[in-house]
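> structure for this input, please:
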Amino acid sequence: MSELTKALIQFQKDVDKIDKNARANYGKFADLANVLSTVTPALNKNGLALTQTFLDDSLVTKLHHECDDKIHSIPQHVDFDRFNNTQEWGKAVTYQRRFS
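Down below sits the predicted model:
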């Protein structure tokens, strides 16, 4: 079993429940700040780090382990041309970050 797999198993044991702390038209959800503040301590404890960067017009989430192993998401496309202002674009990116 790889060191990354062992760290992920321990992370899943250590991470707390993520509370749905925000409200939208369709119901409650966990906002990005809450997701990150909940998972980051357990990630760090297990030698894991999360990065989210853009590759062209897609958001890529990577999970790194201190042994140099990493896994990454399938790029999540963000349709930049669809948004007519920065705020709408920011909402879409935040949603994708939370989703990833």
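
> tell me which helix or strand in the protein has the weakest average pLDDT.
Within the chain, no helix or strand scores below strand 76-77, which has a mean of 72 by mean pLDDT, DSSP states H and E.

> what packs against it?
Here strand 76-77 touches strand 58-65, going by 3 or more Cβ pairs under 8 Å, 6 or more residues apart in numbering; DSSP states H and E. For every residue, glycine as well, the C-beta is placed using N, CA and C.

> low-confidence stretches in the chain?
By pLDDT under 70, the weakly predicted segments of the chain are 78-84.

> which residues in it form strands?
Taking DSSP state E as the criterion, the chain contains strands spanning 22-24, 27-29, 48-55, 58-65, 70-72, 76-77.

> parallel or antiparallel, which strands does the first one pair with?
When sheet partners are counted by DSSP bridges, strand 22-24 sits next to strand 27-29 (antiparallel).

> ok, residues contacting the strand it pairs with?
For strand 27-29, the external contacting residues (Cβ atoms under 8 Å, 6 or more residues apart in numbering) are Lys20, Asn21, Ala22, Arg23, Arg98.

> what's the burial count for the third one?
Read it as Ala22. Counted by other Cβ atoms under 10 Å, the residues lying close to Ala22 total 13.

> kindly report the same for the first one.
Other residues near Lys20 number 12, with proximity taken as other Cβ under 10 Å.

> same check, this time on the second one
A count of nearby residues for Asn21, using other Cβ under 10 Å, gives 13.

> which residues does it contact?
Residues in contact with Asn21 (Cβ under 8 Å, 6+ apart) are Lys28, Ala30, Asp31, Asn34.

> how much space separates the nearest residue to Asp31 once chain neighbours are set aside from Ser58?
Nearest residue to Asp31 in three dimensions, chain neighbours excluded: Ala22, at 4.3 Å (Cβ to Cβ, 6 or more residues apart in numbering). Distance, Ala22 to Ser58, by Cβ to Cβ, to the nearest Å: 25 Å.

> just Lys13 next, same as before
To Ser58, Lys13 is 31 Å away according to Cβ to Cβ.
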